[in-house]
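sharing a model prediction with you, sequence too.
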Amino acid sequence: MSLEQYIRDIQGFPQEGILFKDITPLLASPNGREECLNLLLSTLKDKKIDKVVGVESRGFFFAILLADRLNAGFIPVRKPKKLPYDTISASYDLEYGKDTLEIHTDAIKKGDKVLIHDDVLATGGTAKAVCELVERLGGEIVQLNFLMELSFLNGREKLGKEEIFAAMTF
């Protein structure tokens, strides 16, 4: 079974010229979710993970499942003014604009081994901003996990030395 069968293309969302990869069919399928989760976990077997950072909002779905299976803490990274405690922030460019993300200042301790998870690796701007947040708090990035990589946007180039895994590549 191919995970790609659970991904629906939506032309022109959120704006003209964008082909959006919709993961809601994957989320709706118990078999698809389990297959995807097992694939994401397969690259982490011998790695120590203390915290799983999930990126708002579609990154939360699998990040919390990964944290549960890895017996690790779950840390949300959110848009500005969505987290209730003290935060630090990082801004980045999207493929169709600019945005900012925040994380609680006490979410990661110096030396914590961190897995970063998001739904898609596109231009790499979001992932790079999250890496910056984790490193500013003293976390050590073990790996970046994605449901999908849009390889034609060359996002890996922005992430340099980081270990990256994507369950699907388009």
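Sure thing, it's come through. Bear in mind that the values here come from a model prediction, so they are computed numbers and not experimental data.

the residue nearest to the spatial centre of the chain: helix or strand, and which one exactly?
The residue lying closest to the centre of the chain (C-alpha atoms, centre = their mean) is Asp118, at 1.5 Å. Assigned by DSSP states H and E, Asp118 falls within strand 113-121.

which other helices and strands contact that strand?
When contacts are defined as 3 or more C-beta pairs under 8 Å, 6 or more residues apart in numbering; DSSP states H and E, strand 113-121 packs onto strand 51-55, helix 58-70, helix 125-136, strand 140-149. Where you see a C-beta, it was placed from the backbone N, CA and C, and this is true even at glycine.

ok, which of those comes nearest Leu39?
strand 140-149 (9.5 Å; C-beta to C-beta).

which is the succeeding secondary structure element to that closest one?
Next element after strand 140-149 (DSSP H and E): strand 164-169.

neighbouring strands - and their directions - for that next one?
strand 140-149 (parallel) (DSSP bridges).

show me how far the strand it pairs with is from its chain's centre.
6 Å (C-alpha atoms, centre = their mean, to the nearest Å).

tell me the pLDDT at the nearest residue to Gly73 once chain neighbours are set aside?
Spatial nearest neighbour of Gly73, chain neighbours left out: Lys51 (4.6 Å); criterion: C-beta to C-beta, 6 or more residues apart in numbering. For Lys51, the pLDDT comes out at 98.

same deal with Ala166?
98.

how about it, nearest residue that isn't a chain neighbour?
Ala166's closest residue in space is Glu149 (C-beta to C-beta, 6+ apart), at 3.6 Å.

perfect, that will be all.
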